[in-house]
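Participant: just a sequence and a predicted model for now, questions to come.
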Amino acid sequence: MLTVTNHTLEKLEMLLKTSGYRVRYEKGNFKTGACLLLNSKVIVVNKFSGLESKILAISELARDLEMDYNLLDEKQIAFHQQLKQTTLEL
């Protein structure tokens, strides 16, 4: 289970950044808190969402993305595997 802290959000952002994704915070009318722009490796997060919604949206996207483990360090690989094995309950 993920804790709802700024540190968790930063870990998620760093995981995606290291994997080659850009995380941008913009206003938008998303049905979820974030969306992935196809073929561009850009994740747009609704900047007006609360911390919990941002973490939930980004972690759901990160869970479904295939990460190149050659780009990640051991802690990031473990964090991504933890995301894939956990059902999110925030």
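Facilitator: That came through fine. Numbers count the residues shown, from 1 in each chain.
Participant: contacts, neighbours, all on C-alpha from now
Facilitator: OK.
Participant: just want the most central residue of the protein.
Facilitator: A centroid search over the chain (CA atoms, centre = their mean) returns Ile58, at 3.0 Å, as the residue closest to the centre.
Participant: low-confidence ranges in this protein?
Facilitator: Across the chain, the ranges flagged by pLDDT under 70 are 1, 30-31, 87-90.
Participant: now do the helices in it.
Facilitator: 6-18, 51-64, 74-85 (DSSP state H).
Participant: return the most buried member of those.
Facilitator: Of all those, helix 51-64 carries the top mean neighbour count, a mean of 18, counting by mean count of other CA atoms under 10 Å.
Participant: now render the helices of the chain as CSV, adding distance to Asn39.
Facilitator: CSV is the format used below for the helices of the chain (distance: least, CA to CA, whole Å):
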stretch, distance to Asn39
helix 6-18, 15
helix 51-64, 14
helix 74-85, 21
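Participant: quick one: closest of the ones you listed to Thr32.
Facilitator: helix 51-64 (6.7 Å; CA to CA).
Participant: which strands and helices sit next to the closest one?
Facilitator: Packing partners of helix 51-64 (3 or more CA pairs under 8 Å, 6 or more residues apart in numbering; DSSP states H and E): helix 6-18, strand 34-37, strand 42-46, helix 74-85.
Participant: Serialize the ones you listed to TSV and add fields for distance to Tyr25.
Facilitator: Converted to TSV, these look like this (distance: least, CA to CA, whole Å):
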stretch	distance to Tyr25
helix 6-18	11
strand 34-37	9
strand 42-46	5
helix 74-85	22
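Participant: show me what contacts Ser53?
Facilitator: Residues near Ser53 by CA atoms under 8 Å, 6 or more residues apart in numbering: Gly33.
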